[in-house]
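Novice: Provided below for reference: sequence and predicted model.
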Amino acid sequence: MKNVKLMLLAVTAMLFLGMGNINAQQKQEQTVIITIYEFSAIYKSRMIVVDPSGNSKTVELKTITFKSLEEAVAANSISIQSEINKWKSEGYEIDGMTANTSGDSKTSMIILSKKD
């Protein structure tokens, strides 16, 4: 009879400990949003980064002109790649990406998210 009580106590304890671990694993997903606006000529190109806390920072990018096309595109690509690599090194993965081009501008958005 003592063995049965001890087994019931052990099973009950394991169930409670197991439930505690399940609840601890249900954390909210964290998301980083990187929005890129690349303009030609009159508007300033920029990258806006929103971190998981909701804080944003703006990174100025080179404005694309016909004269500086290759240089500006290369410099902007390096800045964007650097920002993405920074977040990837912290364990974030790219969930999706959109791209839209209209007129003289190109807008891209990259979303990185990670479960904590």
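Specialist: Sure thing, it's come through.
Novice: list of residues touching stretch 48-67?
Specialist: Stretch 48-67 is contacted from outside by 30-41, 43-47, 68, 71-73, 75-76, 79-80, 83, using CB atoms under 8 Å, 6 or more residues apart in numbering. C-beta: built from backbone N, CA, C; applies to glycine.
Novice: what residues sit buried inside it?
Specialist: 49, 52, 59, 61-64 (16 or more other CB atoms under 10 Å).
Novice: my read: Lys88 touches Leu112, true?
Specialist: Yes: checked against CB atoms under 8 Å, the pair Lys88 and Leu112 is within contact range at 7.3 Å.
Novice: now for these two: what residues contact both?
Specialist: Shared between the contact lists of Lys88 and Leu112 (criterion: CB under 8 Å, 6+ apart) are residues Ile94.
Novice: between those two, tell me which one has more neighbours.
Specialist: When Lys88 and Leu112 are compared for neighbours, Leu112 comes out ahead with 24 against 13, by other CB atoms under 10 Å.
Novice: hmm, Val32 and that one touching each other?
Specialist: Yes: counting by CB under 8 Å, Val32 is a contact partner of Leu112 at 4.3 Å.
Novice: shared neighbours, these two?
Specialist: Residues touching both Leu112 and Val32 (CB under 8 Å, 6+ apart) are 87, 92.
Novice: for the protein, just list every one of the helices.
Specialist: Ranges of helices within the chain are 2-25, 69-89, based on DSSP state H.
Novice: which of those helices has the lowest mean pLDDT?
Specialist: Note on the helices of the chain: lowest mean pLDDT is at helix 2-25, with a mean of 56.
Novice: quick one: Asp51 from Ser102, how far?
Specialist: According to CB to CB, to the nearest Å, Asp51 and Ser102 sit 28 Å apart.
Novice: do Asp95 as well
Specialist: From Asp95 over to Ser102 the distance is 24 Å, taken as CB to CB.
Novice: mind checking which of these two has more residues around it?
Specialist: Asp95 (13 against 7).
Novice: test my guess that that one contacts Ile111.
Specialist: Yes: using CB under 8 Å, Asp95 is in contact with Ile111, at 4.9 Å.
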